[in-house]
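J.: For reference, the sequence and a predicted model appear below.
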Amino acid sequence: MQQKAAFTDKKFLVTLVFVTSLFMFWGIAITMADVLNKHFQHTMSLSKTQSAFVQFAVFGAYAVMGIPAGLFMKRFGYKKGVLLGLSLFALGAFLFIPAANISSFAFFGIALFIVGCGLSTLETVAHPFVASLGDQRTSDLRINFAQMFNAVGAIIGPLIGGYFLLSNNVVGSTDLTSVKVLYAVIGLVILAVAVSFSFVKVPPTTDPHAVSAADADAVNVDVAPDKKLFDHKHFVWAVAAQFFNVAAQAGTWAFFINYVHEIVGFSDEKASYFMGVFMGMMLTGRILGTFLMRFISPNKLLATFALGNIIMCIIVAQSLGMVSFFALLMINFFFSIMFPTIFSLGLKNMGSRTQQAASFLSMGVVGGAFFPFVMGYAADQFGIAHAYYAPIICYIVIFLFAYKFYKVKH
């Protein structure tokens with residue numbers, strides 16, 4: 001009888017705890033950018049389309065940094081990859097100080113781009129890192145577990161941003177002091193984390209391709225080593241699904257505060273606090289999803305959640321007050337398992353190509369750079385509610401991947 005796969009090994013516990021905590025930090029950074037989007041609309045007199053450059057700078061960095069981060073990780077290992085990501089994250093945060101001093105949106109864009117490079121590096125490294133810390137059969141569980149802490153960070157981000165950036169907003173004010181102080185503190189915290197992690201001793205991880213192909217179900221062995229990277233169709237579809245997943249997520253998050261203010265009637269500050277609830281729905285979905293994956297295959301759960309979000313978007317677009325507001329919250333519930341599940345399904349049986357595949361899956365996140373422009377333009381032209389029709393096409397692609405194209409072919 002086959003022994004049940006363990007969640008992880010004892011020797012990896014300390015490393016798993018530390019790497020998992022990193023997921024929280026980039027969760028904070030991503031949702032903080034959504035609050036910045038709204039804050040810059042006020043302080044720098046930007047339209048919704050223009051403010052989408054915040055997301056473009058952050059997620060655009062993923063297209064630039066994905067492959068270099070993967071190559072760096074492959075040459076220098078997981079630990080140094082994490083340290084590189086944290087260093088770039090801290091540097092970008094510190095650049096908010098001169099950007100605020102000269103009140104330059106372009107300079108803020110550069111700072112956000114460097115932050116995004118750090119986040120891209122961390123995501124490229126952390127996902128395969130967590131996946132390697134134990135049996136391949138439980139990699140879905142480990143990644144979803146780590147992503148729960150990403151959801152915790154996503155809850156904290158808008159609460160911090162709402163309190164420090166939106167609570168004292170004055171109509172017509174161009175004061176950027178709060179932005180400067182907040183990101184200086186963030187830079188110091190991330191720098192301290194990098195120094196601390198440099199002292200963590202990381203045990204050698206098992207080389208998955210050194211194991212016999214007979215154990216392919218237990219470890220990450222390439223079952224078709226003669227194929228090139230992009231001949232693995234499940235991986236190609238995973239990249240496409242990840243592109244559209246993050247596209248929909250970035251657009252939905254970027255204009256959440258606008259929707260709640262304009263359709264539901266809450267103040268910007270109150271809307272930012274409800275964004276914390278919005279992110280709490282993601283955490284709830286991730287906890288429930290991780291539990292359900294013990295009984296339901298990841299691809300079937302992913303397909304079900306994609307269908308759920310198609311329905312929610314239709315309801316949100318109808319401007320039905322609190323009914324649409326609840327549907328908007330539910331979008332994040334259904335978002336919960338999408339990123340980690342697509343990522344883990346895409347890495348299945350990639351063997352020696354795992355790290356390279358992880359780079360391209362991280363680059364798929366560049367969808368978040370472009371889609372906020374689509375939704376911002378739709379919001380400016382047709383109203384914020386109708387902009388939520390746009391993500392439906394994204395969920396159709398995710399559904400197709402989860403329903404049919406996730407399968408690993410020999």
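T.: Now that the structure is in, tell me what you want to look at. Numbers count the residues shown, from 1 in each chain.
J.: Below-threshold pLDDT in the stretch 151-300 of the chain: ranges please.
T.: Under the criterion pLDDT under 70, the flagged ranges of the stretch 151-300 of the chain are 169-172, 204-226.
J.: mind listing the helices for it?
T.: Assigned by DSSP state H, counting those that start in this stretch, the stretch 151-300 of the chain shows helices spanning 177-197, 233-254, 256-259, 268-292, 298-316.
J.: Give me the buried stretch members for the next helix or strand after the last one, please.
T.: The helix or strand immediately downstream of helix 298-316 is helix 322-335, counting by DSSP states H and E. For helix 322-335, the neighbour count (16 or more other CB atoms under 10 Å) marks 324-325, 327-335 as buried. To be clear about C-beta, it is placed using only N, CA and C from the backbone, and glycine gets the same treatment.
J.: Report the distance from helix 322-335 to the chain centre.
T.: Centroid displacement of helix 322-335 relative to its chain, using CA atoms, centre = their mean, to the nearest Å, is 18 Å.
J.: for stretch 19-32, same thing?
T.: Distance of stretch 19-32 from the chain centroid (CA atoms, centre = their mean) equals 9 Å.
J.: can you pull the buried residues of that stretch?
T.: Buried, per 16+ other CB under 10 Å, within stretch 19-32: 19-20, 22-32.
J.: And these, which is closest to Val365?
T.: Ile30 (9.9 Å; CB to CB).
J.: State whether the closest one and Leu119 are indeed in contact, as I suppose.
T.: Yes - taking contacts as CB atoms under 8 Å, Ile30 lies within contact range of Leu119: 7.1 Å.
J.: what touches both of those two?
T.: Jointly contacting Ile30 and Leu119 under the rule CB atoms under 8 Å, 6 or more residues apart in numbering are Val58.
J.: Identify the residues contacting Ala317.
T.: 324, 385-389.
J.: and the nearest residue to His261 once chain neighbours are set aside, what does it touch?
T.: Leaving aside its chain neighbours, His261 sits nearest to Ala271 (5.1 Å; criterion: CB to CB, 6 or more residues apart in numbering). Neighbouring residues of Ala271 by CB under 8 Å, 6+ apart: 162, 256-257, 260-261, 264.
J.: next one: Phe105
T.: 40, 44, 46, 53 are the contacts of Phe105 under CB under 8 Å, 6+ apart.
J.: Locate the first one within the secondary structure: which element?
T.: Secondary structure from DSSP H and E places Phe40 in helix 13-43.
J.: what's near enough to touch Lys201?
T.: Contacts of Lys201 by CB under 8 Å, 6+ apart are Val14.
J.: what does Gly66 give?
T.: Counted by CB under 8 Å, 6+ apart, Gly66 has contacts 120, 124, 359-360, 362-363, 365-366.
J.: Filter those down to the ones in helices?
T.: Within these, residues falling in helices by DSSP state H are 120, 124, 359-360, 362-363.
J.: distance of Tyr388 from Tyr62?
T.: 24 Å (CB to CB, to the nearest Å).
J.: Neighbour count: those two, which is higher?
T.: More crowded of Tyr388 and Tyr62, by other CB atoms under 10 Å: Tyr388, with 29 against 26.
J.: got a list of what that one touches?
T.: Tyr388 touches 252, 259, 313, 316-317, 328, 375, counting by CB under 8 Å, 6+ apart.
J.: redo that, cut-off 10 Å
T.: For Tyr388, the contact set (CB atoms under 10 Å, 6 or more residues apart in numbering) comprises 248, 251-252, 255, 259, 312-319, 324, 327-328, 331, 375, 378-379.
J.: From the residues you listed, list just the buried residues.
T.: 248, 251-252, 255, 259, 312-313, 315-317, 319, 324, 327-328, 331, 375, 378-379.
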